[in-house]
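*Asks:* the amino acid sequence is not available; the structure is as follows:
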């Protein structure tokens, strides 16, 4: 824990990603000189029934009823508020000290290529504001989509502000349920996009065959062998060939997709896990080499930073790139996205745009999110 600077406002970020493995809450401050002071973090577990419902919806499932969807929206908002309140209690911080909460919500649909395009995150921000007593900014993605963008990824603006360097081309890789890259050139230009599946498939396959929520240290994948024929079929997915801007989610990359590529092929589960891990490494490396071939440093965040097998395969495919955790630059890899949504809340309240048209494809800069005052 970092002590609170009484001269700086506090912001709290809330994030639950594609993996739906918990609500990350981060308490931060942003010095005027730049950077991010990470005060404390907390990960709040979902109850199993809610997590199952969120994963089913995220994979394209239908809600049991409109009433069930409305209740889930309210329940997710209540859970987000509980995560925020628990963090404040852990940190010994009064809610009156926090200027705003930035809440991502939980994505249940992401259809940037449909007509009309849309993205949908649930987690009623009215509940968060009511139960925390703190002004809450939420629904960050839909304004960008309304302006013709993908609404994703939103972290590149934060990455540029925190990690840009005039000395080298560098990239930030978030290994969440979906992998995404922020490409930060030394001249300050930036692009960002999703590269494909990461933990969503690895966790799902591990859960199915080992009963574990995730593949600890990549041991399951390390025990298998990459099946080159399956890898080729997976890589032939047309989405991978699309140019940026692009984004995706669990509704496209799920275990049924893997099963369709497997077909009648009988492979050991560990071999499939090894192949799925190689798929992530290959699609990230291919995208980086194609889009910013001069990259010298790759800063990794998200749950995948704790998978040494995945990092090893990335390094093998990117031998000239220095790969390491974002922690080396003062940004906790477990709470990067939560910190980013705290930063986006600050930008919204200040009346500054939070999107990057070069990343999302939107028609121009837009102030993101809806403000729920208390």
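*Replies:* Nice, thanks for sending it over. Keep in mind the model is a prediction, meaning the values are calculated, not measured.
*Asks:* what about the helices in the stretch 101-250 of the chain?
*Replies:* 125-132, 142-146, 155-163, 199-210, 219-222, 228-235 (DSSP state H, counting those that start in this stretch).
*Asks:* just name the most buried of those.
*Replies:* Of all those, helix 155-163 carries the top mean neighbour count, a mean of 23, counting by mean count of other C-beta atoms under 10 Å. No exception for glycine: its C-beta is placed from N, CA and C like everyone else's.
*Asks:* please report the distance of residue 73 from residue 112.
*Replies:* Residue 73 is 21 Å from residue 112, where distance means C-beta to C-beta, to the nearest Å.
*Asks:* so which of the helices of the stretch 101-250 of the chain is nearest residue 359?
*Replies:* helix 155-163 (4.8 Å; C-beta to C-beta).
*Asks:* for the lowest-mean-pLDDT helix or strand in the chain, packing partners?
*Replies:* When the helices and strands of the chain are scored by mean pLDDT, DSSP states H and E, helix 48-58 comes last with a mean of 91. Other elements packing on helix 48-58 under the criterion 3 or more C-beta pairs under 8 Å, 6 or more residues apart in numbering; DSSP states H and E are helix 66-91, strand 106-111.
*Asks:* between these, which gets the lowest average pLDDT?
*Replies:* Lowest mean pLDDT within the helices and strands packed on helix 48-58: strand 106-111, at a mean of 94.
*Asks:* returning to what we had before: distance from the chain centre to the least confident helix or strand of the chain, please.
*Replies:* 17 Å (C-alpha atoms, centre = their mean, to the nearest Å).
*Asks:* how about it: buried residues?
*Replies:* Neighbour-count burial for helix 48-58 flags 50-51, 53-55, 57-58 (criterion: 16 or more other C-beta atoms under 10 Å).
*Asks:* Serialize these to JSON lines and add fields for distance to residue 80.
*Replies:* Output for the buried residues of helix 48-58, formatted as JSON lines (distance: C-beta to C-beta, whole Å):
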{"residue": "50", "distance to residue 80": "11"}
{"residue": "51", "distance to residue 80": "14"}
{"residue": "53", "distance to residue 80": "15"}
{"residue": "54", "distance to residue 80": "12"}
{"residue": "55", "distance to residue 80": "17"}
{"residue": "57", "distance to residue 80": "16"}
{"residue": "58", "distance to residue 80": "16"}
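*Asks:* from those residues, which is closest to residue 221?
*Replies:* residue 55 (20.9 Å).
*Asks:* what sits against the closest one?
*Replies:* 20, 250 (C-beta atoms under 8 Å, 6 or more residues apart in numbering).
*Asks:* residue ranges with poor pLDDT in the stretch 101-250 of the chain?
*Replies:* The stretch 101-250 of the chain contains no residues with pLDDT under 70.
*Asks:* how about the helices of the stretch 101-250 of the chain in CSV, adding distance to residue 85?
*Replies:* Compiled in CSV, those are given as follows (distance: least, C-beta to C-beta, whole Å):
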stretch, distance to residue 85
helix 125-132, 6
helix 142-146, 26
helix 155-163, 24
helix 199-210, 27
helix 219-222, 36
helix 228-235, 42
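*Asks:* out of these, which comes closest to residue 341?
*Replies:* Using C-beta to C-beta, these put helix 155-163 closest to residue 341, at 8.6 Å.
*Asks:* ok, back up a step: residue 357: which of the buried residues of helix 48-58 is nearest?
*Replies:* Checking the buried residues of helix 48-58 one by one against residue 357 (C-beta to C-beta), the nearest turns out to be residue 58, at 26.7 Å.
*Asks:* among the helices and strands packed on helix 48-58, which is the most enclosed?
*Replies:* Stretch with highest mean neighbour count among those: strand 106-111 (a mean of 23; mean count of other C-beta under 10 Å).
*Asks:* closest one to residue 186 among the helices of the stretch 101-250 of the chain?
*Replies:* Closest of the helices of the stretch 101-250 of the chain to residue 186 is helix 155-163, at 12.0 Å (criterion: C-beta to C-beta).
*Asks:* show residues contacting the closest one.
*Replies:* For helix 155-163, the surrounding residues in contact (C-beta under 8 Å, 6+ apart) are 34-36, 170, 172, 174, 180, 182, 184, 188, 190-192, 299, 326, 329, 331, 336-337, 339-340, 343-344, 347, 354-356, 359.
*Asks:* please apply the same query to stretch 1-9.
*Replies:* Against stretch 1-9 from outside (C-beta under 8 Å, 6+ apart): 10, 29-31, 37-40, 91, 93, 97, 99, 346.
*Asks:* just the ones of these in helices?
*Replies:* 91, 346 (DSSP state H).
*Asks:* can you pull out the strands in the stretch 251-374 of the chain?
*Replies:* In the stretch 251-374 of the chain, the segments counted as strands under DSSP state E, counting those that start in this stretch are 297-301, 322-325, 370-372.
*Asks:* go through the ones you listed and name the closest to residue 126.
*Replies:* For the strands of the stretch 251-374 of the chain, proximity to residue 126 was assessed by C-beta to C-beta; strand 370-372 is nearest, at 5.9 Å.
*Asks:* what strands line up against the closest one, and which way round?
*Replies:* Paired neighbours of strand 370-372 in the sheet (DSSP bridges): strand 136-138 (antiparallel).
*Asks:* let me see the contact set for the nearest residue to residue 281 once chain neighbours are set aside.
*Replies:* Leaving aside its sequence neighbours, residue 281 sits nearest to residue 313 (C-beta to C-beta, 6 or more residues apart in numbering; 3.8 Å). Residue 313 makes contact with 277-278, 281 under the criterion C-beta under 8 Å, 6+ apart.
*Asks:* with residue 22 instead?
*Replies:* 16, 43-46.
*Asks:* by neighbours, which of the residues you listed wins?
*Replies:* residue 16 (29 neighbours; other C-beta atoms under 10 Å).
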